[in-house]
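Participant: Take this sequence and fold it.
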Amino acid sequence: MSSTKPASRKRNDLRHILVWTLPIGLAWLGFRLFEPVLVWSSGWQPLPIASLKERPTSANEFVDADWTSLQAPAAARLREAYEDLETPALSAAVAIDGKRVWAGVIGLAEVETGTPATLTSSFRLGSTSKAVTSVAIGTLLDARRLDLDLPVQHYIPDLAAPLATITTRQAMSHTAGVRDYGLCLCFPVWEHLNRRPFASTREALRVFERDALRFVPGQEFAYSSFGYNVAGAVLEGASATPFLDYLERAVFEPLQMHQSGGDFAARPVQDRASFYETQEKRYKPATQVDNSIRWPSGGLLSSPSDMVALGAAMTTDRLLRETTRKLLLTPQRLADGRENPQGYALGWRVSDDKKLFEKSLTTSIVSHHGTAVGSTSYFAALPEFGLVISVMMNKGMENVEALTPEATALAELFVAEVQRRRASAPPR
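Facilitator: Take a look at the predicted model:
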């Protein structure tokens, strides 16, 4: 009896430990996996509407001397949009014929400290990052350092199958069959809320590079941010330069995009806005994420003034040759000749059906909007009027449907003025 008693007690002790610790462990694991959902209802505070409604001043507005007639109506339109959207900050810029003519910002870059947003405040671009990556790849095409139709393994030799067999053109046009964000064995369980740091664009591919493709490359269209990460890794390989370093040297410096770059979780970024969720006049800080998993596809920062410089560069020879710009803006067809359903080119959506002035005018549009955790970006060009517009806010949304009509109304002010000036110009 005496020899079996200790063993029995040990078993009982172990059983008691498991009874207490197993539920605690499972609860901790469940919380870590589903934390964003479980804490969603907590932490909301009243949005300080009164302090956010200060009118834009000369410190946070720019107007070109030739466009002062639109200064007051543009500022008023921005203010109306800001109040309708209930965002901590709203920033916008417009370029006409390759030159920035107006920019304005209203609200707070950081609500907790009352720090106002300025024209140099940067916001998360979300999928608008794809347009930036497209322009960077265009510089490699101009230099004949990249072939869009070679297997990507040519530029990323250690890439595993089946990803190795797709082409850069397929990756950039979402016809490669690469999967998009999904669930993972990580904290939290959603890949788009990633908190793991990645040292390079190539390293970020390891998340999905051995996963099966969704279809035979070229035969279908399926939007995939992971697919665009492949294009970013190709850029790294073809240029023998880290992705962000190449963007800085080949795109940001030539275009004087001083507020643009990668979004880093582990270190401060100068002039970066803080990011929020808002609803019913309340706000809370957005979920913490690490965007190094998606720098080429959705992890960049920029300001509206920087982005209209990028858009304007797509209308002149300042950065890219005309043939390259035309290539990047040509919607890609599927292998059987069908048009893809989004009019998607190589990092841009192209359409001839943009409605203005209560649908009384239809014109072409080139765009790539984006949503990110705690931020939203509207980015478009109206080639018929030489107009580029960028609007950003530090409020997260599932899509840009709420931001689109506000941005469109702002663009219409400038389109109407372009029309007026053209009509009054003496005949040539």
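
Participant: Of all the residues in stretch 167-184, which ones are buried?
Facilitator: Using 16 or more other CB atoms under 10 Å as the burial criterion, the residues of stretch 167-184 that qualify are 167-181, 184. (C-beta placed from N, C-alpha, C; glycine too.)

Participant: again with stretch 266-278
Facilitator: Buried residues in stretch 266-278, counting neighbours by 16+ other CB under 10 Å, are found at 272-278.

Participant: Out of those residues, flag the one nearest to Ala238.
Facilitator: Top of the list for closeness to Ala238, among the buried residues of stretch 266-278 and by CB to CB, is Arg272 at 29.1 Å.

Participant: can you pull the contacts of the closest one?
Facilitator: Residues counted as contacts of Arg272 (CB atoms under 8 Å, 6 or more residues apart in numbering) are 121-122, 263, 301.

Participant: Can you name the residues bridging to it?
Facilitator: With DSSP bridges applied, the residues forming beta bridges to Arg272 are Ser122.

Participant: how far away is it from Val178?
Facilitator: When distances are taken as CB to CB, to the nearest Å, Arg272 and Val178 turn out to be 29 Å apart.

Participant: Which ones among the buried residues of stretch 167-184 map onto helices?
Facilitator: Applying DSSP state H to the buried residues of stretch 167-184, the entries found in helices are 168-173.

Participant: which of those residues sit farthest apart?
Facilitator: Taking CB to CB, the two most distant members of these are Thr168 and Ser173; they sit 9.5 Å apart.

Participant: any chance of the buried residues of stretch 266-278 in a markdown table, plus pLDDT and distance to Arg428?
Facilitator: As requested, these are exported to a markdown table (pLDDT from 0 to 100; distance: CB to CB, whole Å):
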| residue | pLDDT | distance to Arg428 |
| --- | --- | --- |
| Arg272 | 98 | 47 |
| Ala273 | 98 | 45 |
| Ser274 | 98 | 51 |
| Phe275 | 98 | 49 |
| Tyr276 | 98 | 51 |
| Glu277 | 95 | 53 |
| Thr278 | 94 | 50 |
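
Participant: what's the closest of those to Leu328?
Facilitator: Checking the buried residues of stretch 266-278 against Leu328 by CB to CB gives Arg272 as the nearest, at 27.9 Å.

Participant: Please state the offset of stretch 141-149 from the chain centre?
Facilitator: Its chain's average C-alpha position is 24 Å from that of stretch 141-149, according to CA atoms, centre = their mean, to the nearest Å.

Participant: swap in stretch 374-391?
Facilitator: With CA atoms, centre = their mean, you get 13 Å for stretch 374-391.

Participant: same deal with stretch 173-187?
Facilitator: Once both centres are worked out by CA atoms, centre = their mean, stretch 173-187 turns out to sit 16 Å from its chain's centre.

Participant: How about stretch 388-406?
Facilitator: Centroid separation for stretch 388-406 versus its chain: 11 Å, with CA atoms, centre = their mean.

Participant: buried residues in that stretch?
Facilitator: Of the residues in stretch 388-406, those buried (16+ other CB under 10 Å) are 388-397, 400, 402-403, 406.

Participant: measure it end to end?
Facilitator: 15 Å (CA to CA, to the nearest Å).

Participant: about what we covered before: just send the buried residues of stretch 388-406 back as JSON lines, with distance to Glu253 too.
Facilitator: Written out in JSON lines, the entries for the buried residues of stretch 388-406 read as follows (distance: CB to CB, whole Å):
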{"residue": "Val388", "distance to Glu253": "20"}
{"residue": "Ile389", "distance to Glu253": "24"}
{"residue": "Ser390", "distance to Glu253": "19"}
{"residue": "Val391", "distance to Glu253": "25"}
{"residue": "Met392", "distance to Glu253": "22"}
{"residue": "Met393", "distance to Glu253": "27"}
{"residue": "Asn394", "distance to Glu253": "26"}
{"residue": "Lys395", "distance to Glu253": "30"}
{"residue": "Gly396", "distance to Glu253": "30"}
{"residue": "Met397", "distance to Glu253": "31"}
{"residue": "Val400", "distance to Glu253": "29"}
{"residue": "Ala402", "distance to Glu253": "34"}
{"residue": "Leu403", "distance to Glu253": "29"}
{"residue": "Glu406", "distance to Glu253": "32"}
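
Participant: Report the two of those separated the most.
Facilitator: In the buried residues of stretch 388-406, two members sit farther apart than any others by CB to CB. They are Val388 and Gly396, at 24.2 Å.

Participant: End to end on stretch 64-74, go ahead and measure it.
Facilitator: One end of stretch 64-74 sits 13 Å from the other (CA to CA).

Participant: swap in stretch 167-176?
Facilitator: 7 Å.

Participant: Next: stretch 383-402.
Facilitator: This stretch, stretch 383-402, spans 23 Å end to end (CA to CA).

Participant: Could you do stretch 248-261 as well?
Facilitator: One end of stretch 248-261 to the other measures 7 Å (CA to CA).
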